[in-house]
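Asks: Pasting a predicted model and its sequence here:
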Amino acid sequence: MPDSSQTQPAAFNCEGGLVKNRSTFLMQPGEALELENFEPDVEGGYRRINGHRKYVNQIVPQTSASSEKILMVASFADKVLAARGEKIFSSASTEVASKISSSTGMTGSGTITVDSTTGFSSSGTIQINDEIFTYTGVTSVTFTGVTRATSSTTAANHAVDDVVSEDWTERDTGRSSAGKYRFERYNFDGNEKIIVVDGTNAPTIFNSSVSATDVSESSVAGSTIVVAFKSHMFYAGKSSTLQTLVFSEPFDEDGFNSGQGAGTIKVDDNIVALKVFRDALFIFCENRIFKLTGSTLSDFAIQPVTRNIGCVNGDTIQEFAGDLLFLGPDGLRTVAATARIGDTALGSITQNVQSIFDANIKNAAIFDSVVIPDKTQYRIFFSKEGQANSLTKGIICVQRADKYEFSEIRGIKPSATDSLVIDGNSTVLHGDFSGYINRQETGNTFDGTPILARYRSPDLSFGDTGVRKHMQRVIINYKPESAIDADLLVRYDNEATESARPAAYPLDSSSVAAQFGTALFSTSSSATQFVFGGPSQPLVRQSVEGSGFSVALRVNDGGETAPYSLKGFQLEYQLGARR
C-alpha cells in the first residue's frame, strides 16, 4: 500500500458564487473563478441549470418578415399571449400524461390524455412535437374524437411530459410600428384583465375571454409603461411627454375626467419604469428615482429617493427576495425599506461580477429579466441583435442568508419574458428572436442544444505558494438528479503552459451503486412501481496525477444529462520541496 502518513487533506464547500473582483490569493476556496450555466443552489452547492424547451410547438405567425422577434409573452386566462409584428395572438399549452405509441390508431375516435385541457378550444387542432392532430371534444384531462398524423405529418412516439399546444389565434391586428410591449394584469371590477402598451398604439385591454378593447384617451396612446396602483391605472413613457405620468379615475382604466379622480404628475427627468412596492409607486427615471405615496388625486405626493442614480432599463426591475432589484449604471442595485418608516435605502450588490456588467451594459441592445420564485432567483439577460444564442450572456443572482451569490448564463437569448405563479407552480416563459415561445426550467438542453456548463475553483495554494504539492486524490461530494456526464480536470500553477495537464477524469454516476437485499421488484406492468437509486449525495474518490505549487479544479459539462449539484471537494496531497 502507498504511504499515506504524510498525506494532508483540504476540504471546502461550494459556496460564495462567481467572483471576478479579487485575486486568487484572496478568494475563498469555495468561491468560483468560472461558474457558467451553474446556479448557486438553494440547497447548497452549485447546480447545473435546467434547460428550456418550446412551450408552444407552433411558431408565432409573422406579419411580413421571418426576422420579426417576439415583442411580448404573457400568461393570462389559462392561455399564453404573444405579440409579433403587428398582431397579438393567443394559444394554450399542456403536457402529455400518458405516452403515445406511433402504432396507436386514431382515426376520428382516438383519445389523448393530458395534464389539463383548460384554456383549449372545445374542438380544433393540436400539435405534439412534429405531429398534428385534430379533435372534436374535450374533457378536463382528455382530447376526444382524435385523428392523428393530419396535415401531411407522420405518426410518431410521444413521451409523458411532451408539450401539447393548439394553433395561434389572432386577438388584435393592425398595430402599426409596435415596439416591445409592457403589460399589467389586474382586476378592478371582479373580472381578470390584462392591459398592454407598445410605445406607438393605444393601450389595449383584454378581458378573460381574450377580447380586445382599446383605451380611447389620446393622451396615453403611445405609452410604453403601464401599472395599476391604488385602483388607478398609471401610464407613462410616451415619446412626447417622457416626464409625465397620466393616471385614470379609480377603478376605470379608460376614464380620465379630472373631476372623477384622474390627473397627471410631472417629474424632472425622463421616466424609464414604474413599479409598485410596499404601498408606494416607485418612479424610475434615467438619472433619478422618486416615490409616489397616497391613494387618490387629493393626497398623492411625490418624494425623491435619489437624484444621483437612475435605471438603465425598466425591463430589469423585479421584486425579488423582499426587495426591488434594478439595473443601474454600475450594475444591479436594490431598493429596500430601512428600519425608519418611510425611509428607503439603495445598495449595489454586484461588485463580485462588476466586470461582466461593465462589458454588457454598454453593448447590449435588449435587457430582459425574470424571477424564479421557488429558487429565490433573479435572472438578467443581455441580448444583442445578430448575436448567436450560444454567445448571449446573462447573470443569475441568488440570495443566500444575508448575501447575494452570482453565476453566469450563456446560451439563452430572450426578446421578452414573463413569470407567473399559479397554485404554487411557477411558469417562466421567454419569447425568442426566431418567433417561438419557450418555457425555462424544463428539460436538460436549450431546446435541443447541449448546455455547456463550466466550473473552475480558485488556484489553491493551501497557504503557501512556495511549496510544491504532490496531488494524490480528489474526493467529490455531489448530488445527482439522474445519470450525469461531466469531466473533472485538475490543473496546476495557475494553468501555466509548462505545468502538468493530466487528462480529464470522468465524473459520472455509474460508479455510484445501490445495494439491495432479497426482494421482489416491480415490472413495467405492475400496479405499484418502485424506483431505487444510490445515495442522494455520494462521495466519488478519484485518484489524480500531477503536482504544482497551486492546484485548481475544473468541471466541464457539455452533455445533455440531467442537472446535478457540486456540493464540495476534498483535495489530498503530500508536500514536496520549496521553490
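Replies: Cool, the structure landed.
Asks: hey, where'd the helices end up in the protein?
Replies: Here the chain has its helices, by DSSP state H, at 354-361.
Asks: Can you find the helix or strand in it with the smallest mean pLDDT?
Replies: Here the helix or strand of the chain ranked lowest by mean pLDDT, DSSP states H and E is strand 344-348, holding a mean of 74.
Asks: Averaged pLDDT, stretch 168-177. What do you get?
Replies: Here stretch 168-177 scores 93 as its mean pLDDT.
Asks: list the buried ones in that stretch?
Replies: Judged by neighbour count using 16 or more other Cβ atoms under 10 Å, the buried positions of stretch 168-177 are 168, 171-172, 175. To be clear about C-beta, it is placed using only N, CA and C from the backbone, and glycine gets the same treatment.
Asks: Export these as a markdown table, with columns for distance to residue 147.
Replies: A markdown table is the format used below for these (distance: Cβ to Cβ, whole Å):
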| residue | distance to residue 147 |
| --- | --- |
| 168 | 21 |
| 171 | 27 |
| 172 | 31 |
| 175 | 35 |
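Asks: which of those sit farthest apart?
Replies: Greatest spatial distance in the buried residues of stretch 168-177: 168 and 175, 15.4 Å, computed using Cβ to Cβ.
Asks: how about the strands in the stretch 401-550 of the chain?
Replies: Taking DSSP state E, counting those that start in this stretch as the criterion, the stretch 401-550 of the chain contains strands spanning 403-410, 414-422, 425-432, 437-440, 453-456, 467-480, 485-492, 505-508, 539-543, 547-548.
Asks: actually the stretch 101-250 of the chain, sorry about that
Replies: 107-113, 124-128, 131-135, 137-138, 142-150, 163-166, 169-172, 182-186, 193-197, 204-206, 212-214, 225-229, 232-236, 244-247.
Asks: Show me the one of those strands that comes nearest residue 67.
Replies: Ranking the strands of the stretch 101-250 of the chain by proximity to residue 67 (Cβ to Cβ) places strand 169-172 first, at 20.4 Å.
Asks: How far does the closest one sit from its chain's centre?
Replies: Mean-position distance between strand 169-172 and its chain equals 27 Å (Cα atoms, centre = their mean, to the nearest Å).
Asks: What strands line up against it, and which way round?
Replies: Strand 169-172 sits in its sheet next to strand 87-91 (antiparallel), going by DSSP bridges.
Asks: rewinding a little: which one of the buried residues of stretch 168-177 is nearest residue 65?
Replies: For these, the minimum distance to residue 65 (Cβ to Cβ) is 15.5 Å, reached by residue 175.
Asks: I am assuming the closest one contacts residue 89, so please confirm or correct that.
Replies: No. The criterion here is Cβ atoms under 8 Å, and residue 175 misses it with residue 89 at 11.7 Å.
Asks: So in terms of bridging, what pairs with residue 226?
Replies: residue 235.
Asks: Now do the contacts for it.
Replies: 182-184, 195-197, 203, 233-236, 274 (Cβ atoms under 8 Å, 6 or more residues apart in numbering).
Asks: next one: residue 574
Replies: Counted by Cβ under 8 Å, 6+ apart, residue 574 has contacts 6-8, 469-470, 472.
Asks: for residue 193, same thing?
Replies: Counted by Cβ under 8 Å, 6+ apart, residue 193 has contacts 185-187, 205-208, 253.
Asks: for those, which one is nearest residue 147?
Replies: residue 208 (30.5 Å).
Asks: State the number of residues packed around that closest one.
Replies: Using other Cβ atoms under 10 Å, residue 208 has 14 neighbouring residues.
Asks: distance of it from residue 75?
Replies: 13 Å (Cβ to Cβ, to the nearest Å).
Asks: How about residue 465?
Replies: With Cβ to Cβ as the criterion, residue 465 and residue 75 are 53 Å apart.
Asks: again, but for residue 354
Replies: Where residue 75 is concerned, residue 354 sits at a distance of 34 Å (Cβ to Cβ).
Asks: okay, the two: which has more neighbours?
Replies: residue 75 (21 against 15).
Asks: and the strands of the stretch 401-550 of the chain, which one is worst for confidence?
Replies: Among these, strand 505-508 scores lowest, with a mean of 84.
Asks: who does that strand touch, helix- and strand-wise?
Replies: In terms of contacts (3 or more Cβ pairs under 8 Å, 6 or more residues apart in numbering; DSSP states H and E), strand 505-508 is packed against strand 467-480, strand 485-492, strand 539-543.
Asks: Please repeat the previous calculation with a cut-off of 10 Å.
Replies: strand 467-480, strand 485-492, strand 539-543, strand 551-557, strand 564-578 (3 or more Cβ pairs under 10 Å, 6 or more residues apart in numbering; DSSP states H and E).
Asks: out of these, deepest packed?
Replies: strand 551-557 (a mean of 22; mean count of other Cβ atoms under 10 Å).
Asks: Now that one: average pLDDT?
Replies: The model assigns strand 551-557 a mean pLDDT of 96.
Asks: Could you tell me the angle between it and strand 467-480?
Replies: Orientation check (axes from the mean of the first three to the mean of the last three Cα atoms, to 10 degrees): strand 551-557 against strand 467-480 gives 30 degrees.
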